[in-house]
Every structure is written in C-alpha cells, then in structure tokens.
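Colleague: From the sequence below, what's the structure:
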Amino acid sequence: MLFFTCRWKKIVTTVGSLLCSLIFYSNCNTTELKYIGTTNKVKEEYFYGLNFIVTLSRIDETSLPKIKTDVKNALSLSEDKKRIQEWKEISELSLKDKDIFLFQIFPETRVIPEFLEFSFDCNGSKLTPAYKYYSLLSSTTVRSNVYQSYPIVIGLGPGYPYYYRPYPTEMEVQVSNRHAYSFVFLSNKKECMVKKGDRFRIITPSGNLIDFERSI
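Modeller: Coordinates of the predicted model:
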C-alpha cells in the first residue's frame with residue numbers, strides 16, 4: 001500500500017465547481033454511510049467554523065477517476081524522490097482488491113496543519129490515510145432577466161415602418177468558495193464497513209469523536 005502524504009502548507013489548490021463536485025460525489029455510495037454525530041461539536045466550531053461539514057463516501061468506479069486526478073494534483077507539489085513511481089501507482093489504483101473511502105471536512109476557512117492531525121479507525125482497527133489533499137471548490141451562480149422586445153412605430157397609419165427595441169438584459173454573477181480537506185483510505189476488501197452497524201470513527205486533534213455508521 002502506498003502512503004503518500006503531502007504537507008498541508010505546500011499542498012496544491014484545486015479549483016473546481018462545488019456544485020459539480022457535489023453532484024459527482026453523489027455517485028459514491030453515500031446512502032449506506034450515515035453520519036451519526038460529533039461529540040462536543042461546539043468546541044470543534046472554534047477550529048473549523050460554525051457551519052463546517054464532514055462527509056464519508058465509499059468510492060465507486062464512477063468517482064475513482066476524479067480521486068486519481070485530485071491526488072495527482074497534490075503529488076505535483078511533492079518533494080519525494082519517488083514521485084514517478086507514486087504517479088504510476090496512483091494511475092493503476094483500482095477497486096479490484098481494495099475498498100476506497102473518502103473522508104472530507106469543509107471548514108469555513110483554511111486551517112493550520114495542527115487542526116488536521118486526525119486519527120482514524122474502523123471498528124476499532126486503526127486506519128492511516130493513503131493520500132490527503134486540499135481543494136478550493138468554487139460555486140458560480142448566474143442570474144439574468146431577459147425581456148421580450150416591443151415595437152417602436154415610426155409615424156402613424158398603415159405603411160409606416162417600425163422596428164423592435166429590446167429591453168436591456170440584466171445579469172448578476174455571484175461567486176463563492178468553499179475549502180475542502182480530503183483523506184483517502186485504502187482497505188482490503190471486506191475489512192471495513194462491511195455490515196450494518198459497522199462504525200468509521202474520526203478522532204479530532206482536540207479529542208472529540210466524529211462517527212459514521214453503515215446503515216444498510
């Protein structure tokens with residue numbers, strides 16, 4: 001198993017569409033992995049903001065190419081001398097003999113590396129992320145009001161020319177950004193989140209617990 005970890009302070013910024021990303025990862029098997037809760041969530045808001053979000057997904061064949069792309073972007077800033085070999089291993093990553101899980105936290109701002117020193121376990125067995133990376137997700141909303149044209153008549157009576165004059169088009173563009181820190185886990189088949197009630201646990205740097213449970 002390859003354990004490549006980028007330093008957060010040097011990690012790549014990936015600009016994408018938040019809306020597209022959310023739609024894309026909806027292809028992951030998210031319905032089976034249910035968020036249970038966070039102990040002392042108020043304390044965690046100090047580190048990640050009032051409206052921070054956490055998600056856990058099991059990666060499927062549809063979403064695997066996107067994961068590979070994100071990890072390669074992170075690898076591009078790595079100073080590891082084995083980057084060529086690591087690139088090859090990422091390219092060959094498959095679901096034939098591995099289950100791949102993606103944990104993501106979306107804080108309100110970028111956070112310092114000390115706030116990202118999580119510990120992980122699945123049913124009591126310690127897990128180590130194979131890859132982790134930072135992304136900046138951008139959401140763009142365009143609002144426009146287009147009115148129909150109306151005739152302007154030159155002169156009076158039949159036979160006089162006229163032309164159509166459109167109302168002005170009003171357009172408003174709103175851009176918002178969201179920060180995402182992603183942790184990718186490689187697990188042997190049937191070892192993690194296999195049956196209903198299995199737990200995936202994240203221990204935060206402050207000692208609180210974030211729990212996910214297999215619901216089906």
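Colleague: Point out where the chain drops to low pLDDT.
Modeller: Scanning the chain with the threshold set as pLDDT under 70 gives 1-31, 144-171, 175.
Colleague: Could I get the full set of strands for it?
Modeller: Chain-ordered strands for the chain, with DSSP state E as the definition, fall at 15-17, 33-38, 53-58, 98-106, 119-122, 125-127, 131-145, 150-153, 162-165, 170-188, 199-203, 209-214.
Colleague: most tightly surrounded among these?
Modeller: A comparison of these by mean neighbour count, using mean count of other Cβ atoms under 10 Å, puts strand 98-106 on top with a mean of 20. C-betas here are computed from N, CA, C, even on glycine.
Colleague: what's next to it, contact-wise?
Modeller: Judged by Cβ atoms under 8 Å, 6 or more residues apart in numbering, the contacts made with strand 98-106 from elsewhere in the structure are 25, 28, 48, 52-59, 64, 67, 93, 120, 129, 178-193, 200, 202.
Colleague: biggest helix in the protein, by residue count?
Modeller: In the chain, taking DSSP state H as the definition, the longest helix is helix 64-75.
Colleague: starting at the chain centroid, how far to it?
Modeller: Averaged C-alpha coordinates place helix 64-75 at 12 Å from its chain's average position (Cα atoms, centre = their mean, to the nearest Å).
Colleague: ok so, going back, which among the strands of the chain is found nearest to residue 86?
Modeller: The stretch from these with the least distance to residue 86 (Cβ to Cβ) is strand 131-145; that distance is 9.5 Å.
Colleague: Pairing partners for the closest one, with directions?
Modeller: When pairs are called by DSSP bridges, strand 131-145 turns out to pair with strand 15-17 (parallel), strand 170-188 (antiparallel).
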